[in-house]
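Asker: Curious how this folds, go ahead:
(2 chains)
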Amino acid sequence: MEALVSQLFAGLSLGSVLLLAALGLALTFGQMGVINMAHGEFMMAGAYTAFVVQKSIADAGVSLLVSLVIGFLVGGLLGLVLEVTLISRMYHRPLDTLLVTFGVALVLQQLARDVFGAPNVDVRAPTWLSGAVEILGVGVPKTRLFILGLATLAVVALGLALKLTPLGRRIRATVANRDLAETAGISTRATDRLTFFLGSGVAGVAGVALTLLGSIGPTLGTNYIVDAFLVVVVGGIGQLKGAVIAALGLGLLQAGIEYSTTASLAKVLVFVIIVAFLQVRPQGLVAVRTRSLA
Amino acid sequence: MSAVAKIWGNERARLLVGVGVAGLLLFVVAPGVLSDFRLNLLAKFCCLAMVAVGIGLAWGRGGMLTLGQGVFFGLGGYLMAMHLKLADAGPGGVPDFMLLYGDGTVPAWWEPFRSPVVTVLAILLLPAGIAALLGLAVFKRRVRGAYFAILSQALAAAFAILLIGQQKVTGGTNGLNGFRSFFGFDLADPVNKQMLYYIAAGTLLVMVLVVRLVMRSRYGELLVAVRDQENRVRFLGYDPALVKVLAYAIAAAFAAIGGALFAPIVGIISPADVGVVPSIAFLVGVAIGGRATLLGPVVGSIAVSWAETSLSERFPSFWTYFLGALFIVVVAFLPDGFATLGRVRLRRRRPGPDEPADTSDDEPAHDEHEQATASAGRTA
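Answerer: Down below sits the predicted model:
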């Protein structure tokens, strides 16, 4: 029983990290069909933001909260700049944007290495997040619970924003049918920019959250980007629902397989399971209905 | 018909000249001018260029952006390395790293690779088979575009992690290294090193010719047609999935052969050569040279490797910026690569798909880069 609960929490915790990493990706991918390889580096930027903020604000509790806000802005602005300078120019070439953003990722990684040094750095967790909470007889680290809460908050906030705000309506309309949205008077260009800002901002927040789990380095983004992509593929290009189910599902799956085999075998098995899953649902769990042949 | 005959004649003449020049450069000039060390480097670049030729076929001609060629490169390299390690250990011997990390016995699935014949067959067939299986699973279900790219990338990530995790049989992060002989020839002997160079250069030339042959065939036309208008090909009664699978499998076999020669030439194959980043790095040479041309990937790949070796030792951080900038500039502003530089100005800029409503317009994730490379299809 205890083993089961502890595995369940390990899976949920991995899933919530994946979810934070993939939320922004799902948003920009669903909207524009753009695979942003630099998304992981936006997370890295968020993580280093937390590091810089902590240098100026000694109180770890306050600096974490401030970092979350600034991390969102840093990630968002990076995304906005990327969208305006490069992605908007390559509108009908989604596969090429993948390569371009990989170039951006390389540059950002090297920049981090030159500015902050190649060795990893640490961000202190606030005292109110140290220790563990006992749930069903299992000790769960508070930091993990905090990330789970943060992921939930991010999903709820994004979900409400998509549902209720005018921007959310425009985003949903653009995802469903870009041409029709344009015809209806929505500036899809402006919507794209705001979506990219929002999605990249979430990446920044994810980066700040990751500082609670361990030290941070220039390759932080690369460690998460592939898994985040897989979440988007499995979830489909629908709204947030797909990403949430896929992230938690993959997290639980990975943790479950890891329990009975090894971490490296689990990675391969998860990949095989995903390919098998795509045989059943090639469009992912939740997809916008279209009449296209693809 | 005379016009067709004229073009054919010209093409053939161009090919003869091209092959002649390439052969002269690779087999006469390079060995005459370069030191043993430089020649060995060139041999290594030839191996990397083999992967590029395959990517040119799958991506440039077939429209399949594969971010995971490192997997097949690595498979070829590791298969060859297993044989070399076993051969060095002698009949019934155990490779040194297994004594270090493992329990001192050779696992049963290693045993067949004591035979050179099995090894060569495995290098030719196993990676191509895996590519065909994955391709069938993916393309049959019409997963394509960015989805395929992500899956191939995930495969590379999983493969690298698996190699690192199974240290007892793969050598872990260190990989397999310290080979002493290559099919009975002493690797320390410069003459044998030179022989390896000739093998690599010759193989590369043969691969280019194979791709040309494939592209001149009916199948080659189909491949380009699938890239540009998959649904129309389907309506004509062909199965686009099979067309794609074949090109992907050929690309995998090319990458595997490149890896298999890379291992003895460089003396090491490790997870650092096969993961996500090296897999994507293979693409830059192809993109720069011209993805849909015959010689573009080869020239681009060798040029990038050469620049990397000469620049990164002196300015390691500058090289990474430079590589990133190359990716950005070439892909964003020169999508067809330098091989088509002269044609770029003439190319008609098309705002969007000039297609009837039956294409996947409302699902941008599935849009191939048809518009970008449609004009490049002619540059054979």
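
Asker: Check whether the host helix or strand of A:Ala50 comes near chain B.
Answerer: In this assignment (DSSP states H and E), A:Ala50 forms part of helix A:39-56. No. Helix A:39-56 stays clear of chain B (Cβ under 8 Å from any Cβ of the partner chain), getting no nearer than 10.5 Å. C-betas here are computed from N, CA, C, even on glycine.

Asker: okay, that helix in CSV with CA atoms only?
Answerer: Coordinates of each C-alpha in helix A:39-56 appear next as CSV, following Å, rounded to 0.1, in the frame of the first residue of the first chain:
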residue,chain,number,x,y,z
HIS,A,39,11.2,26.3,-25.1
GLY,A,40,13.6,24.4,-22.8
GLU,A,41,16.0,27.3,-22.8
PHE,A,42,13.2,29.6,-21.8
MET,A,43,12.8,27.3,-18.8
MET,A,44,16.5,27.6,-18.2
ALA,A,45,16.2,31.4,-18.4
GLY,A,46,13.5,31.2,-15.7
ALA,A,47,15.7,29.1,-13.5
TYR,A,48,18.6,31.5,-13.8
THR,A,49,16.2,34.4,-13.1
ALA,A,50,15.5,32.8,-9.7
PHE,A,51,19.2,32.5,-9.2
VAL,A,52,19.8,36.2,-9.9
VAL,A,53,16.8,37.3,-7.9
GLN,A,54,18.0,35.4,-4.9
LYS,A,55,21.3,37.2,-5.1
SER,A,56,19.5,40.5,-4.6
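
Asker: where does chain A dip in pLDDT?
Answerer: Applying pLDDT under 70 to chain A flags residues A:1, A:238-239, A:287-294.

Asker: Does the helix holding A:Ala50 pack against any helices or strands, and if so which?
Answerer: With contacts taken as 3 or more Cβ pairs under 8 Å, 6 or more residues apart in numbering or on different chains; DSSP states H and E, helix A:39-56 sits against helix A:2-32, helix A:60-85, helix A:94-116, helix A:188-210, helix A:220-235.

Asker: Take those and write them to JSON lines, including distance to B:Leu16 and mean neighbour count.
Answerer: Listed next are the helices and strands packed on helix A:39-56 as JSON lines, based on distance: least, Cβ to Cβ, whole Å; neighbours: other Cβ atoms under 10 Å in any protein chain shown:
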{"stretch": "helix A:2-32", "distance to B:Leu16": "47", "mean neighbour count": "23"}
{"stretch": "helix A:60-85", "distance to B:Leu16": "45", "mean neighbour count": "20"}
{"stretch": "helix A:94-116", "distance to B:Leu16": "34", "mean neighbour count": "22"}
{"stretch": "helix A:188-210", "distance to B:Leu16": "50", "mean neighbour count": "25"}
{"stretch": "helix A:220-235", "distance to B:Leu16": "45", "mean neighbour count": "25"}
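
Asker: between those, which one is nearest to chain B?
Answerer: Nearest to chain B among the helices and strands packed on helix A:39-56 is helix A:94-116; the distance by Cβ to the nearest Cβ comes to 2.8 Å.

Asker: Neighbouring strands of the helix or strand that that closest one is followed by in the sheet, and parallel or not?
Answerer: Counting by DSSP H and E, the next helix or strand C-terminal to helix A:94-116 is strand A:132-135. Using DSSP bridges, the strands paired with strand A:132-135 are strand A:138-141 (antiparallel).

Asker: Reformat the helices and strands packed on helix A:39-56 as a markdown table; add distance to B:Leu187.
Answerer: Converted to a markdown table, the helices and strands packed on helix A:39-56 look like this (distance: least, Cβ to Cβ, whole Å):
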| stretch | distance to B:Leu187 |
| --- | --- |
| helix A:2-32 | 44 |
| helix A:60-85 | 47 |
| helix A:94-116 | 34 |
| helix A:188-210 | 45 |
| helix A:220-235 | 34 |
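
Asker: Give the buried residues for the helix holding A:Ala50.
Answerer: A:39-54 (16 or more other Cβ atoms under 10 Å in any protein chain shown).

Asker: how many degrees apart are that helix and helix A:2-32 in direction?
Answerer: 110 degrees (axes from the mean of the first three to the mean of the last three Cα atoms, to 10 degrees).

Asker: what's the angle between helix A:39-56 and helix A:94-116?
Answerer: Using the same axes, to 10 degrees, the inter-axis angle of helix A:39-56 relative to helix A:94-116 is 20 degrees.
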